[in-house]
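Student: sequence and predicted structure are below.
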Amino acid sequence: MNKTKIIGAILLTLGLTGNALAENGFYGGAGIGQATIDACDGVTNCDDKDTSWKIFGGWEMNSNIAFEAAWVDFGEISGSEDDSAVSAEADGWTLAAKGILPLNEQFGVFGKFGMIMWDVKGGGAASGINDDGTDLMYGLGGQYMFTDQLGIVGEWEWYDIDNDIDLFSIGALFKF
């Protein structure tokens, strides 16, 4: 079987099962935004903002409660310390409960509360930094559904990592 037929069969299968999965509340998506990492103490010329992105998936138990998992890349902060370049990159896995308030059939607002399993790796003069942990995360946001399956989501998330991280993002949401 050639690649075109395989891709066609996969798309057909997803199309046929998409409505059944949507009725079960499964969704996924991806977002992009800006992260601010509060880690500039003692660092000069500190750039604590970077482009961040994430992929997420979840299950809406009903119209008011969902559970969501995501992988988020916060990007990199950089600066100098004692005339040496330093940098650090952070990412992590999240798992959160999501309370949803539908305002009409297309638009709703939500709050999140959960955990992040994070990892930080240093670069330059900070290359010896390699840290990880598990901490709390919170979030607020809204979503607008263009169709029953396709929408847009905007949110602010706060991660209580050793150095707090704020993430503002916008993304696409697809209900399967």
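Tutor: Yep, it's here. All of these numbers come straight from a predicted model, not from anything done at the bench.
Student: okay, CA-based contacts and neighbour counts for the rest of this
Tutor: Will do.
Student: how about the residue nearest the centre of the chain, secondary structure?
Tutor: The C-alpha lying nearest the average C-alpha coordinate of the chain belongs to residue 54 (Cα atoms, centre = their mean; 3.8 Å). Secondary structure, DSSP: H, G, I helix; E, B strand; the rest coil: residue 54 is strand.
Student: bridged to it, which residues?
Tutor: Note on residue 54: beta-bridge partners residue 31, residue 72, judged by DSSP bridges.
Student: before we move on, what about residue 87?
Tutor: Going by DSSP bridges, residue 87 forms beta bridges with residue 78, residue 123.
Student: tell me the contacts of it?
Tutor: Counting by Cα atoms under 8 Å, 6 or more residues apart in numbering, residue 87 touches 76-79, 122-126.
Student: burial measure for residue 99, as a count.
Tutor: Counted with other Cα atoms under 10 Å, residues neighbouring residue 99 total 18.
Student: secondary structure element for it, which one?
Tutor: Using DSSP states H and E, residue 99 maps to strand 84-102.
Student: what of residue 156?
Tutor: Using DSSP H and E, residue 156 sits in strand 150-159.
Student: can you give me the buried ones in stretch 144-155?
Tutor: Buried residues in stretch 144-155, counted by 16 or more other Cα atoms under 10 Å: 144-145, 151-155.
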